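Q: I'll drop the sequence and a predicted model, then ask my questions.
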Amino acid sequence: MRMVTVCSSLLLSAFLLAACAEQDSAPIRIGATMSETGAYATQGSAARNGYRLCEAHVNAEGGLLGREVEFIIHDDRSDSDTAIALYEQLISEERVDAVMGPYGSTLTEAVAPVTEQHGFVHISPLAATSSIWEQDRQYLFMVLPPAELFLAGLIDMADAQGHERIAILQEDQLFPRAAGDGAAELARERGMQVLVHETYPSGSEDFSEWLQSMQTEDVQVLGMAASALDDFIAVREQMLDQGIELKMFGTSGAVEEFQQALGDKAEGVFGLSAWEPSVPNPGVDEFVAAYESEFGRAPSFHAAGGYGSCQLFVQAVREAGSLESDRLREVLLNLETTTVFSDYAVDERGYQIANQGLFIQWQDGRKEVVWPHDMATAEPRFSLD
């Protein structure tokens, strides 16, 4: 009987050791959703590609903690309820080892209670609305510059040109409201007149009423904040169709698809870009070349945001020597670094304090950085002819 017990114990120990060894060599599974379809698909698909490229590069360099990395990415369809359900599924059912954030402020605000409840560190690659970081969350980390500053470059350049008559148009979503309100406040602080400040319903297609009010008020500069690329395109087309003349038009997000959709009509338009291939961050040239080789196109700032946020996670895990959330949190709170994407440093809330973003202008069919001056690749042109 004693021999049977000993043998059983040895078999159990061997089984446990084998199970532990198998677990130690299994990939580190990182769960995320991205908007591969729906209103945010342009941005979300690029960010997903950034995650995937980082995954490939980490594994090519030997992995993380002696294990390969495997991203488990589901399509949240640009829908908050879907994203919430998927993060709960990833954590509770699929048992991922870690998570990374979805695209944008709306979806980040939606899923943050889930990641907080389960105590998972959540690096958000592309959420910028300050209110998300004002709810005493412990594990949420911001990478983008704050939404309230997304149109700061436009306001600063307009002020330098002596333009005083401003309009702000913002979509009725979390991030665009914050970006538009922040721009209006900045303009007023500069002594400008905010003559039109309108919030429009998501899904709007006809902007003529708001555009006509700008013409009536003799607006010089229009700043627009939206989550959907189609809104920027529609406003630019309708502006030209109605013969509305402005000195400057700037958007809260600049992507190649804007110019591809509009062609010459995009000329002279300004836009926020949190990143461009010209930035002097370490590894940018290699990232751009690898992205173009893998996906057959140049990376947008959303792609760089996904890649750079993955780099932050990897650096934090290596410094912590662990996937344990509180150890990762401590590293991320004290980390000051520069990824392919941007400078990174946060305050005690996990709120970004180092990244200020860039403003570009479409010139001769290309994006040129025009703000801030020390990062500029071209001088701004102040004509929308």
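A: Thanks, I have the structure now. Just so it is clear, the structure is predicted and the values come from calculations on it, not from any experiment. Numbers count the residues shown, from 1 in each chain.

Q: where does the prediction get shaky in the stretch 251-385 of the chain?
A: When residues are selected by pLDDT under 70, those of the stretch 251-385 of the chain lie in 385.

Q: just so I have it, where are all the helices in it?
A: Using DSSP state H, counting those that start in this stretch, the helices assigned to the stretch 251-385 of the chain run over residues 256-262, 284-295, 301-320, 325-334.

Q: the second one versus helix 301-320: what angle between them?
A: What it means is helix 284-295. With axes from the mean of the first three to the mean of the last three Cα atoms, to 10 degrees as the basis, helix 284-295 and helix 301-320 are set at 120 degrees to each other.

Q: for Val114, find the nearest of the helices of the stretch 251-385 of the chain.
A: Distance to Val114, taken as Cβ to Cβ, is lowest for helix 325-334 among the helices of the stretch 251-385 of the chain, at 13.9 Å. The way it works is simple: take the backbone N, C-alpha and C, and place the C-beta from them, glycine included.

Q: what about Leu332, distance to His122?
A: According to Cβ to Cβ, to the nearest Å, Leu332 and His122 sit 10 Å apart.

Q: more neighbours: those two, which one.
A: More crowded of Leu332 and His122, by other Cβ atoms under 10 Å: His122, with 26 against 21.

Q: what helix or strand does Arg48 sit in?
A: helix 41-60 (DSSP states H and E).

Q: shouldn't Thr199 be in contact with Ala178?
A: No - between Thr199 and Ala178 there is no contact under Cβ atoms under 8 Å: 11.5 Å.

Q: what about the two, which has more around it?
A: Using other Cβ under 10 Å, the more surrounded residue of Thr199 and Ala178 is Ala178, with 24 against 16.

Q: before we move on, the earlier item: the helix holding Arg48 versus helix 301-320: what angle between them?
A: Using the same axes, to 10 degrees: helix 41-60 against helix 301-320 is 40 degrees.

Q: what helices or strands is the helix or strand following helix 41-60 leaning on?
A: Using DSSP H and E, the helix or strand that follows helix 41-60 in sequence is strand 69-75. If you count contacts as 3 or more Cβ pairs under 8 Å, 6 or more residues apart in numbering; DSSP states H and E, strand 69-75 packs onto strand 28-34, helix 41-60.

Q: could you identify which of those is most buried?
A: strand 28-34 (a mean of 25; mean count of other Cβ atoms under 10 Å).

Q: what lines up beside that one in the sheet?
A: According to DSSP bridges, strand 28-34 forms sheet pairs with strand 69-75 (parallel), strand 98-100 (parallel).

Q: buried deepest among these, which one?
A: It is strand 98-100: most buried of the strands paired with strand 28-34 by mean count of other Cβ under 10 Å, with a mean of 25.

Q: can you list contacts of it?
A: 28-32, 51, 71, 87, 90-91, 115, 120-123, 125, 309-310, 313, 323 (Cβ atoms under 8 Å, 6 or more residues apart in numbering).

Q: nearest the geometric middle of the chain, what residue?
A: Central residue of the chain (Cα atoms, centre = their mean): Leu126, 1.7 Å from the mean position.

Q: that one against Pro145, yeah?
A: No - contact criterion Cβ under 8 Å: Leu126 and Pro145 do not qualify, at 11.3 Å.

Q: thinking again about what came up before, of all the helices of the stretch 251-385 of the chain, which lies closest to Glu61?
A: Nearest of those (Cβ to Cβ): helix 301-320, 9.3 Å.

Q: so who does the residue nearest to Glu348 when sequence neighbours are not counted touch?
A: In space, and not counting its chain neighbours, Glu348 is closest to Leu333: 6.9 Å by Cβ to Cβ, 6 or more residues apart in numbering. By Cβ under 8 Å, 6+ apart, the contact list for Leu333 reads Val346, Glu348, Gly350.

Q: and what of Phe120?
A: With Cβ under 8 Å, 6+ apart, Phe120 has these contacts: Ile91, Ala98, Val99, Tyr139, Ser325.

Q: quick one: contacts for the last one?
A: Going back to what we said before, that points to Ser325. Gly119, Phe120, Val121, Tyr139.

Q: Ala345 versus that one, what's the distance?
A: Taking Cβ to Cβ, one finds Ser325 at 20 Å from Ala345.

Q: could you do the first one as well?
A: From Ile91 over to Ala345 the distance is 28 Å, taken as Cβ to Cβ.

Q: and for Arg366?
A: 31 Å.

Q: and the nearest residue to Pro125 once chain neighbours are set aside, how many neighbours?
A: Leaving aside its sequence neighbours, Pro125 sits nearest to Ser309 (Cβ to Cβ, 6+ apart; 3.7 Å). For Ser309, the tally of surrounding residues (other Cβ under 10 Å) stands at 28.

Q: how far away is Ser309 from Leu144?
A: 10 Å.

Q: strands of this protein, start to end?
A: 28-34, 69-75, 98-100, 122-124, 140-142, 165-171, 193-200, 221-225, 248-251, 270-273, 337-338, 343-344, 358-363, 366-371 (DSSP state E).

Q: check what contacts the first one and list those residues.
A: Among residues not part of strand 28-34, those counted as contacts by Cβ under 8 Å, 6+ apart are 44-45, 47-48, 51, 55, 63-65, 67-76, 82-83, 86-87, 90-91, 94-103, 107, 111, 306, 313, 323.
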